[in-house]
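Visitor: Task: produce atomic coordinates for the following.
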Amino acid sequence: MAHRFSNNGRLDRDALMPELRTFLETLIRTMRLDVRFEVLPAEPEPGDVESPEVVVNFRGRDQELLLERGAELLRAIEYIALRAMHIDPKMLDHVRFECGDFVAMRIEELKLSAKVAAERVLESRQPFAFNAMNARERRIIHLALKDTPGVRTSSDGDGDRRHVVLYPAS
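Guide: Numbering: from 1, shown residues only. Down below sits the predicted model:
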């Protein structure tokens, strides 16, 4: 399967954004959701653990539906859109689907949880296991702690049970 929208290892925003808009217009109309969306360029922030180059921002009467059960529907729309458009898997983290700042707040929550867990591991010298989370959330934990002295991270488990474990660095 050919991957699209990458150019020399970078996301090709100019090619992606209009096609993503068109795809989402069709998808949202077919789903009969009462939401509007914008596909906007974003400038990555150096050193940030999750810094997209394109943001799809949803709002409207049905936005609460998108956010139910941990934003399950928002994540499903993101998954369908990015897979259907054959975006290079290495570029998936460069596109963020957002609704009501849910994703931005979740990222901040994960970074804070990582920091608190690292302090706990440093004090107790005992491993700490997070609850199971998706690959993107595990990546945020790993990146948030990559420069933290005295702890190391590992992903353990399989499938839906995959989680991050913090260990004291020996």
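
Visitor: Give the pairing partners of the least confident helix or strand in the chain by mean pLDDT; include direction for each.
Guide: The least trusted helix or strand in the chain, going by mean pLDDT, DSSP states H and E, turns out to be strand 6-7, with a mean of 78. Taking DSSP bridges as the criterion, strand 6-7 forms sheet pairs with strand 10-11 (antiparallel).

Visitor: Can you list the neighbours in contact with the strand it pairs with?
Guide: The contact list for strand 10-11 (Cβ atoms under 8 Å, 6 or more residues apart in numbering) reads 5, 53, 54, 91, 94, 95. Every residue, glycine included, has its C-beta placed from N, CA and C.

Visitor: The least confident helix or strand of the chain: how far from the chain's middle?
Guide: Centroid displacement of strand 6-7 relative to its chain, using Cα atoms, centre = their mean, to the nearest Å, is 20 Å.

Visitor: and what of stretch 151-166?
Guide: 17 Å.

Visitor: Same check on stretch 12-32?
Guide: 19 Å.

Visitor: Identify the residues contacting residue 96.
Guide: By Cβ under 8 Å, 6+ apart, residue 96 lies in contact with 42, 50, 52, 54, 55, 56, 103.

Visitor: quick one on the thing from earlier: now do the least confident helix or strand of the chain: everything it contacts.
Guide: 12, 15, 87, 88, 90, 91.

Visitor: Same list (the residues you listed) but as TSV, adding distance to residue 167, pLDDT and secondary structure.
Guide: Shown next, in TSV, are the contacts of strand 6-7 (distance: Cβ to Cβ, whole Å; pLDDT from 0 to 100; DSSP: H, G, I helix; E, B strand; the rest coil):
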residue	distance to residue 167	pLDDT	secondary structure
12	39	88	coil
15	42	90	helix
87	34	85	strand
88	32	78	coil
90	27	75	helix
91	31	79	helix
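
Visitor: Among those residues, the buried ones, what's the ChimeraX command?
Guide: Restricted to buried positions by 16 or more other Cβ atoms under 10 Å, the ChimeraX selection for the contacts of strand 6-7 reads:
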select :12,87,88,91
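
Visitor: Just flag the most distant two among the contacts of strand 6-7.
Guide: 15 and 90 (15.9 Å; Cβ to Cβ).

Visitor: Can you get me a residue count around the closest residue to residue 71 other than its chain neighbours?
Guide: Leaving out its chain neighbours, the residue that sits closest to residue 71 by Cβ to Cβ, 6 or more residues apart in numbering is residue 102, at 5.3 Å. The number of residues packed around residue 102, counting by other Cβ atoms under 10 Å, is 17.
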